[in-house]
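Enquirer: just a sequence and a predicted model for now, questions to come.
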Number of protein chains: 2
Amino acid sequence: MGAKREDNSLRYRRAQSVTTAEDITEKENKARRLQYDKPCHRPRDSLFSWSSQFTNFTGLVNWGFLMLTISGLRLCLENFLKYGIRVNPFEWIIVLTGYNDENYKHEYPSIILLCFSGVPPVVCLLIEKAIAAELFSDKLGESLQIITILLEISLPVIALHLTNQEFNIVGISTVCMVYLILFLKLWSYCQTNHWCRAAKSKQSNSLRRQSLSVPNCKDVDDEVVTGIVQYPDNLKLGDLFYFLLAPTLCYELNFPRTNRIRKRFLIKRIVEVIFGMNLVMALFQQWMIPAVTNALDPFSQMDYIRITERLLKLAIPNHLLWLCFFYLTFHSFLNLMGELLHFADRNFYGDWWNARNISVFWSSWNMPVHIWAVRHVYVPVSSMGYSKGVSAIMVFFISAFFHEYLVSVPLQMFRVWAFLGMMAQPPLAVISKVFEWRLGARWGNMVVWSSLILGQPLAIMMYYHDYALAHMKP
Amino acid sequence: MGAKREDNSLRYRRAQSVTTAEDITEKENKARRLQYDKPCHRPRDSLFSWSSQFTNFTGLVNWGFLMLTISGLRLCLENFLKYGIRVNPFEWIIVLTGYNDENYKHEYPSIILLCFSGVPPVVCLLIEKAIAAELFSDKLGESLQIITILLEISLPVIALHLTNQEFNIVGISTVCMVYLILFLKLWSYCQTNHWCRAAKSKQSNSLRRQSLSVPNCKDVDDEVVTGIVQYPDNLKLGDLFYFLLAPTLCYELNFPRTNRIRKRFLIKRIVEVIFGMNLVMALFQQWMIPAVTNALDPFSQMDYIRITERLLKLAIPNHLLWLCFFYLTFHSFLNLMGELLHFADRNFYGDWWNARNISVFWSSWNMPVHIWAVRHVYVPVSSMGYSKGVSAIMVFFISAFFHEYLVSVPLQMFRVWAFLGMMAQPPLAVISKVFEWRLGARWGNMVVWSSLILGQPLAIMMYYHDYALAHMKP
């Protein structure tokens, strides 16, 4: 019996080498199923083996978000156990006004500066009107405009240096932000009016040469063009203040308008702004302040492992705060303003979360500034005959300067960390492009997110370290 | 001029109400582009608004995994800063053998028990041979088999209770696992042989009735069936030990075989096993032990908030360890055994990570046990005339019993936490199915992952709490 079986298995092996593997499997399975041992095995690969060609791992995405939620919940609990509840919605009133500070003189310089921010636009408008009425020459008028807006942006710095008042940090930050936005808006306003004037004089020159009657725009499309405002009809206080309030930095004579205010949309945005502001404040008080405070010691001792641990610890609340801030500002608040003002262009941000590299990120996360930079710096500098590279560097330097402005002026420390942070972006952009080209868009996107998550807390720690050393030594 | 403009805007508004909104937009844009103010705005929605119909958020998946990595890195660093490096690859030798313990008698009862595990299969084989040779009646033989395998599974418990030796916990855990696997394999071996005998006697009875010659299987498919082993030719020591080593719990007379050992595949699995074992050990020493130790105080004080925080803290290393353990055991180790033994069926796990509910999870994460339970408990009980529900409950109770066996015997504490954990699965399955039906497969999958991530540390803490109270009081 044994000998016979060996003979059989030999024959079987010979058969195996002749027929294809699949044939064998099928025949063998058929024969095995004729047995009485209820066979339950068949040849197949494990799912993780490449040869199984199994690729459905969608459940792992759920796993990732669940792990993130659980880690987040635990961090929250740990935070509450360690620090107790530190959220105090009224603290912000105190911080804003300095109401509780006994040495405080109750002069509110920030509020005075904020109120004064209405004056420069009026000055600009008067100069524009004077140019339009040909009281000034174009050149003199435009020089006056430049002086006005340069004075406007320097005002917070001048106020800080001339007066000996203690500025409250939240107050002066708000002032700087408002003055910077006003600066960009007035720049756009003056330059757009300049374009209109230039085009008009060119047109009237060419008309004089061709001896034709002045063409009426209404001929082109009577129905619609009747509603279009033309220079210098736009030089009105109402028009200027609409632009100053509108969620854009680029002036236009005729903004696209919506027909009606969507009430449901408006209410949602209002709720988001109110709820979101409180969330940001709570996160800041409960999570960010202890994390920053705890990180100071390792930073002053330059203990690199602890610095890394603290930075990573700081990175998460900082990043979440930034995300909240982004949504609140660019979606909730700007849409709220747009809806109230019938402003139809809601292109406040692109899909930067899918950005393939850092250049794409910078050109899509903050659309008002991006469009402003393209329209008022990049294109004019390019059209003056400079190369694209020079124009890009120009945009870039202006951006870096204003980042520094927004940080250094409120902190009253003229360090260069924010400027250097911006200067680190071009090499980072190259790195992310290399990742994108070599490893695909997913890895480029990873580099964008990493720089966002890790870069910010680094800059914050730099400033906080210097600030704490300067202000808290005694 | 002002009056004229108002008139115009009135006409414009009238036009707006007549033509459709899109018409207006197009005409208006055309007219606006005729202006000299270089307009850059056009009506559009923000991407987060529903009306924009923008849905590409793939970058957020990258964000999720990056946040997870960063949190993980920080936890790692924090752990090293808190506890230093606790990884010691040689500690396991000490734990396994108790070599360093001064009170230890150097009797190694676990190793004796492991060596003894070769005896029950031989007894089973001898009984099978005796039945096949008709030395015993079928009934007597099968009763003897049942007694043998019941004795086999009770041996670790008997050894623990009769001898007064201090069993090392890792040693006795290994013993329990090996004896449980042996039990399941021998059950399958005896039952499969029983099926073959029953079918054969039935066949010979029917043949006797029909007075036909015994049919030769070779007639069906000469080439292949010649290699097929038939009862009782399978009753050989080599065949039995092949089955005992093979990565399956279900006995078959003719396992599907591979033609060759893929060397590259084999080397990968060996590297994975060696590297993975060290990773698991390191994670366990460095992360799991401190987390469990730290969690004891809140548990004994029944401080629920701290218990929750500790559980969440424990959940992450525990879950990662479980994932490593799963991959190591079910992919690396079982594939390694399969490759070495030319065993072709590598269906060791399904895609449980995509499981839509808890029932799907339980029937796909551990395929050897699942297939065994279906083939040797569910189907036989069903074919005995019981309903599907009764068969399922049967499978379920056996599973719960063996989970408890694997935990209680090594810890020498007959608590019911593991049993209760298993008993919680049917209600959880119902909950996950409700989630699946109401909210879609994604939410069912979330429930599966949650129960996996949070359920295990709870059970571990229960046992550790009791164990620590019993062993560490003085």
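Expert: The structure has been received and is ready for your questions.

Enquirer: what about the strands in chain A?
Expert: Using DSSP state E, no strands are found in chain A.

Enquirer: distance of the nearest residue to A:Q286 once chain neighbours are set aside from A:I398?
Expert: Closest residue in space to A:Q286, ignoring its immediate chain neighbours: A:R86 at 5.0 Å, by CB to CB, 6 or more residues apart in numbering or on different chains. Backbone N, C-alpha and C define where each C-beta goes, glycine included. Counting by CB to CB, to the nearest Å, the separation of A:R86 from A:I398 is 39 Å.

Enquirer: so what's the residue count around A:L249?
Expert: A:L249: 22 surrounding residues under other CB atoms under 10 Å in any protein chain shown.

Enquirer: that one touches A:I181, doesn't it?
Expert: Yes - the pair A:L249 and A:I181 passes the contact test of CB atoms under 8 Å, sitting 7.1 Å apart.

Enquirer: could you tell me how many residues sit around the spatially closest residue to A:A468 that is not a sequence neighbour?
Expert: Of all residues not flanking A:A468 in the chain, A:L296 sits nearest, at 5.6 Å (CB to CB, 6+ apart). By other CB under 10 Å, 17 other residues sit near A:L296.

Enquirer: who's in contact with A:L296?
Expert: Going by CB atoms under 8 Å, 6 or more residues apart in numbering or on different chains, A:L296 touches A:464-465, A:468.

Enquirer: quick one: which of those is nearest to chain B?
Expert: Comparing the contacts of A:L296 against chain B with CB to the nearest CB places A:Y464 closest, at 18.7 Å.

Enquirer: so how many other residues sit close to whichever residue of the stretch 201-350 of chain A sits closest to chain B?
Expert: With CB to the nearest CB, the shortest gap between the stretch 201-350 of chain A and chain B falls at A:G227, namely 2.7 Å. Number of residues near A:G227 (other CB under 10 Å) recorded here: 21.

Enquirer: again with A:Q456
Expert: A:Q456: 17 neighbours (other CB under 10 Å).

Enquirer: A:M302 too?
Expert: By other CB under 10 Å, the burial measure for A:M302, its neighbour count, is 8.

Enquirer: and it, what pLDDT?
Expert: Turning to A:M302, the model gives it a pLDDT of 72.

Enquirer: what of the one 4 residues further on?
Expert: In the predicted model, A:R306 carries a pLDDT score of 82.

Enquirer: OK, contacts around it?
Expert: Residues near A:R306 by CB under 8 Å, 6+ apart: A:297-298, B:81.

Enquirer: for those residues, which one is nearest B:F255?
Expert: Nearest to B:F255 out of the contacts of A:R306 is B:L81 (CB to CB; 51.8 Å).

Enquirer: how far away is that closest one from B:V123?
Expert: Using CB to CB, B:L81 is found at 56 Å from B:V123.

Enquirer: cool, and A:R269?
Expert: Looking at A:R269 against B:V123, where the rule is CB to CB, the gap reads 78 Å.

Enquirer: comparing those two, which residue is more hemmed in?
Expert: Set A:R269 next to B:V123 and count neighbours by other CB under 10 Å: A:R269 wins out with 24 against 17.

Enquirer: wait, the more buried one touches A:G338, no?
Expert: No - with contact defined as CB under 8 Å, A:R269 does not count as touching A:G338 (9.2 Å).

Enquirer: returning to that earlier point: and the residue nearest to A:A468, what pLDDT?
Expert: For A:L296, pLDDT reads 74.

Enquirer: cool, and A:I146?
Expert: 94.

Enquirer: cool, A:D7 as well?
Expert: At A:D7, the model reports a pLDDT of 41.

Enquirer: same deal with the one 3 residues further on?
Expert: At A:L10, the predicted lDDT confidence score is 38.

Enquirer: swap in A:N100?
Expert: 51.

Enquirer: likewise A:R13?
Expert: 40.

Enquirer: now swap in A:I24 and tell me
Expert: The model's pLDDT for A:I24 equals 54.

Enquirer: need the phi and psi values for the residue nearest to A:Q286.
Expert: phi -110, psi 0 (degrees, to the nearest 10).

Enquirer: what sits against it?
Expert: So A:R86 contacts A:285-286, A:289-290 (CB under 8 Å, 6+ apart).

Enquirer: stretch A:375-385 close to chain B?
Expert: Yes - between stretch A:375-385 and chain B, judged by CB under 8 Å from any CB of the partner chain, the touching residues are A:R375.

Enquirer: spatially, what comes nearest to A:Q191 if we skip its sequence neighbours?
Expert: The nearest residue in space to A:Q191 (CB to CB, 6+ apart) is A:H376, at 5.7 Å.

Enquirer: that neighbour - how many residues pack around it?
Expert: A:H376, neighbours per other CB under 10 Å, totals 23.

Enquirer: same check on A:I146?
Expert: 12.

Enquirer: likewise A:T55?
Expert: Applying other CB under 10 Å, I find that A:T55 has 7 neighbouring residues.

Enquirer: distance of it from chain B?
Expert: 10 Å (CB to the nearest CB, to the nearest Å).

Enquirer: ok, back up a step: show the buried residues in the contacts of A:R86.
Expert: A:285-286, A:290 (16 or more other CB atoms under 10 Å in any protein chain shown).

Enquirer: residues of the stretch 51-200 of chain A that sit close to chain B?
Expert: A:54, A:56-68, A:70-71, A:73-74, A:77-78, A:80-81, A:192, A:195-196, A:198-200.

Enquirer: let me know the pLDDT of A:A468.
Expert: For A:A468, pLDDT reads 76.

Enquirer: what's the local residue count around it?
Expert: For A:A468, using other CB under 10 Å, the count is 15.

Enquirer: do A:S450 as well
Expert: 17.

Enquirer: same check on A:I85?
Expert: Neighbour number of A:I85 under other CB under 10 Å is 10.

Enquirer: kindly report the same for A:S137.
Expert: Neighbours of A:S137 using other CB under 10 Å come to 10.

Enquirer: now A:R375
Expert: Neighbours of A:R375 (other CB under 10 Å): 20.

Enquirer: ok, now A:I393?
Expert: 14.

Enquirer: any chance you could map the helices in the stretch 201-350 of chain A?
Expert: A:222-225, A:237-245, A:263-283, A:289-301, A:304-326, A:334-340 (DSSP state H, counting those that start in this stretch).

Enquirer: and stretch A:135-154, which residues are buried?
Expert: Those would be A:136, A:141-142, A:144-145, A:148-149, A:152-153, for stretch A:135-154 by 16+ other CB under 10 Å.

Enquirer: thank you kindly, that will do.
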